[in-house]
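Q: The amino acid sequence is not available; the structure is as follows:
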């Protein structure tokens, strides 16, 4: 567990570099709908137990899982892993991107059913992150998830 904050910080910085953010946490915070001081504390390991909802926002934005952020070495997964079976490929990244798109669509639809036209972008992001995480854990398309899993993700994200 002691490695988690270091992995998290290192992985966020790597993903920021890979996606054109450099060291600009303010831009990233705006893009994912998070307060900049919160993101800054996570990146500096000043937050000993970051909220899962914040980790989901970061993970979803970059198309990875919360587990990847905490436990993996993203640089190795994406570039340096000598074992091709363990390396994230462009196909893997494309699958994750499609899952994220589908999760956003499912979240928007689910919230419109619940709230009508009063859907908030922050709620969509939280629900999409939860759906995305479940789809990644199951290694399946969002459309293949059982309705109970989607309902559970929606309710969990809205209560958390």
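A: Now that the structure is in, tell me what you want to look at. Just so it is clear, the structure is predicted and the values come from calculations on it, not from any experiment.
Q: Give me the longest helix you can find in the protein.
A: helix 90-115 (DSSP state H).
Q: Domains in the chain, by residue range?
A: The record's domain split for the chain, according to automatic domain parsing, is 3-80, 90-159.
Q: Can you lay out those as a markdown table showing mean pLDDT and mean neighbour count?
A: (Glycine included, C-beta is placed from N, CA and C.) Formatted as a markdown table, these follow (pLDDT from 0 to 100; neighbours: other C-beta atoms under 10 Å):
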| stretch | mean pLDDT | mean neighbour count |
| --- | --- | --- |
| domain 3-80 | 82 | 17 |
| domain 90-159 | 80 | 17 |
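Q: Tell me which stretches of the protein form helices.
A: Using DSSP H, the helices of the chain run over residues 3-18, 25-32, 36-43, 52-62, 66-71, 74-75, 90-115, 121-138, 147-159.
Q: circling back to that earlier point, and the longest helix of the chain, what does it pack against?
A: helix 121-138, helix 147-159 (3 or more C-beta pairs under 8 Å, 6 or more residues apart in numbering; DSSP states H and E).
Q: Now render the ones you listed as JSON lines, adding distance to residue 49.
A: Below are the helices and strands packed on helix 90-115 laid out as JSON lines (distance: least, C-beta to C-beta, whole Å):
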{"stretch": "helix 121-138", "distance to residue 49": "18"}
{"stretch": "helix 147-159", "distance to residue 49": "18"}
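Q: among those helices, which is nearest residue 22?
A: Closest to residue 22 of these is helix 121-138 (C-beta to C-beta; 23.0 Å).
Q: ok, residues contacting that closest one?
A: With C-beta atoms under 8 Å, 6 or more residues apart in numbering as the test, helix 121-138 has contacts from 32-33, 53, 56-57, 59-60, 65-66, 96, 99-100, 102-104, 106-108, 110-111, 115, 141-142, 144-145, 149-150, 153-154, 156-158, 160.
Q: please redo it, this time with the cut-off set to 6 Å
A: 33, 53, 56-57, 60, 65, 99-100, 103-104, 106-108, 111, 142, 145, 149, 153-154, 156-157 (C-beta atoms under 6 Å, 6 or more residues apart in numbering).
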